[in-house]
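Visitor: heads up, no residue letters with this:
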């Protein structure tokens, strides 16, 4: 996958976001218009492209000095295991290298990946949420 291009942009089409989010079966993909708006509001959005096909992205929020929170990291299943997710994480770690912490919530099947990228599990925190996105 040497032809992957990485971009630092915030403007995306609804169809490309819907396709990517649905490819990993994330319920956010059912709301492509909201995703278009959300991407404009993130502090950090790095995306991976194979030609004009959006194949991966990472989105983060931060407080400007201490803490960054990775909200989304997703890679199209057809493009997984080729270093795309790792490259997106590395780009994000580089941007926030002077911050005190980068946080994320990992699903169980992603824990080993995030650990291989330098993240560790918290012994005293638990992810919690309120959502209206369940379909």
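Guide: Here it is on my side, so go on. Owing to the predicted nature of the structure, the values given are computational and were not obtained by experimental measurement.

Visitor: remind me which helix or strand the spatially most central residue of the chain belongs to.
Guide: By C-alpha atoms, centre = their mean, the mean C-alpha position of the chain lies nearest to residue 73, the distance being 2.2 Å. For residue 73, the host element (DSSP states H and E) is strand 67-75.

Visitor: can you give the contact residues for that strand?
Guide: Applying C-beta atoms under 8 Å, 6 or more residues apart in numbering, the external contacts of strand 67-75 come out as 20-21, 24, 26, 28, 42-44, 48, 55-62, 84-85, 88-89, 92, 95-96, 99-104. C-beta coordinates here come from the backbone N, C-alpha and C atoms, glycine included.

Visitor: again, but for stretch 11-18
Guide: 29, 32, 33, 35, 36, 39, 40, 47, 53, 54.

Visitor: wait, is the last one part of a strand?
Guide: Yes - if the criterion is DSSP: H, G, I helix; E, B strand; the rest coil, then residue 54 is within a strand.

Visitor: just the helices in the chain please.
Guide: Per DSSP state H, the chain has helices spanning 14-23, 32-41, 84-95, 111-116. These are given in chain order.

Visitor: if we can go back for a sec, in ChimeraX, select just the buried ones from the contacts of strand 67-75.
Guide: When burial is assessed using 16 or more other C-beta atoms under 10 Å, the buried subset of these is captured in ChimeraX by this command:
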select :20,21,24,28,42,44,48,55,56,57,58,59,60,62,84,85,88,89,92,95,96,102,104
